[in-house]
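> Let's see this in three dimensions:
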Amino acid sequence: MPRWSLPEALSRGRRALSRARERQWQRDRTRSAGGRLLTLVVCIVAGLMIMVSALNARGTDLRPGRNTDLVSLVQSQSQRNSALAAQVSQLRQEVDRLSSGQNEQSDLSPKVEQLSAAAGVRSVTGPALTVTLDDAPETVAADGIDGDLLVVHQQDIQAVANILWSGGAEAMTIQGQRVIATTGIKCVGNTVVLHGIPYAPPYVIRAIGDPARLQAALARSRFIQIYQQYVDAFGLGYQVQTAGKVTFPAYQGSLELQYARPLGSSGASGSPSVAPTR
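Sure thing, here's the model as predicted:
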């Protein structure tokens, strides 16, 4: 190995460092040019994506699900359904008003009024009985009990309604909505949907009729006896009240039937006719 003097070794070291810096500078210069080009390409692509999104959105949110929860959606749809139902009711009243002028001398008018009241398209006033069903308190759920035993189901509401009908109810409402022959009670999640509108508990079922007969029908019902056991065991809500005089509103929805036909009518296919059932 050659021996260098200290000045010569320092000189050689400076030259080696100088060459290394020059090679590094050349590499950095080449890399910087490529990086600048890549940055420009990325910016152009991002700008195009933003422009396309803006054109597609047209001022609206492309992901509305981010800001709209299920509860708000249900409430909005419920309000829309209520508004449409009110509009249908107004149109029906206008049709009735126009037709009454033509039929006021007809012998069928009393019969029409009677059938209209039975069908639920006329308001009804009379003594009433109210049955209120409610879920168990939230504190009961902490005991590890099956959650299905602690809530009111659609079959519970249907059973109470059927008991009241069999007990002589002349008219009925659930959550303030008039019940007619085509009314369906459906359980969706933790709510019950009636005529397209979801409701949360407590569920209020009211029936116009003889309160004594209605109460007797409830008292002798096997279903109510079993339900009372759950009331005692888990705290489900069950309350019965009477009222001297109440008025039920007329049904405010569509009366069109998709599948059922009046008894005695004949279909195009010749299949047997069926009558709507409650």
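> Now do the SS call for S82.
Secondary structure for S82, judged by DSSP: H, G, I helix; E, B strand; the rest coil, is helix.
> give me every residue that touches it.
For S82, the contacting residues are I197, by Cβ atoms under 8 Å, 6 or more residues apart in numbering. All C-beta spots, glycine's among them, are computed from the backbone N, C-alpha and C.
> where's it relative to F234, distance?
To F234, S82 is 33 Å away according to Cβ to Cβ, to the nearest Å.
> do L84 as well
38 Å.
> more neighbours, the two?
Per other Cβ atoms under 10 Å, whichever of L84 and F234 has more neighbours is F234, with 18 against 14.
> Hmm, that one is touching D148, no?
No. F234 lies out of contact with D148 (Cβ atoms under 8 Å); the separation is 10.9 Å.
> and the next element down the chain from the helix-or-strand element of the chain with minimal mean pLDDT?
Least confident element among the helices and strands of the chain, by mean pLDDT, DSSP states H and E: helix 109-119 (a mean of 59). Sequence order places strand 124-134 as the next helix or strand after helix 109-119, per DSSP states H and E.
> So for D156, what's the pLDDT?
Note on D156: pLDDT of 94.
> what separates it from P198, distance-wise?
From D156 across to P198, the span is 17 Å (Cβ to Cβ).
> ok, now how distant is L164 from V88?
In terms of Cβ to Cβ, L164 sits 26 Å off from V88.
> Compare neighbour counts for these two and give me the winner.
Neighbours per residue (other Cβ under 10 Å) separate L164 from V88, with L164 holding more: 24 against 15.
> tell me the contacts of the more buried one?
So L164 contacts L129, V131, M172, I205, A207, G209, L214, A217, L218 (Cβ under 8 Å, 6+ apart).
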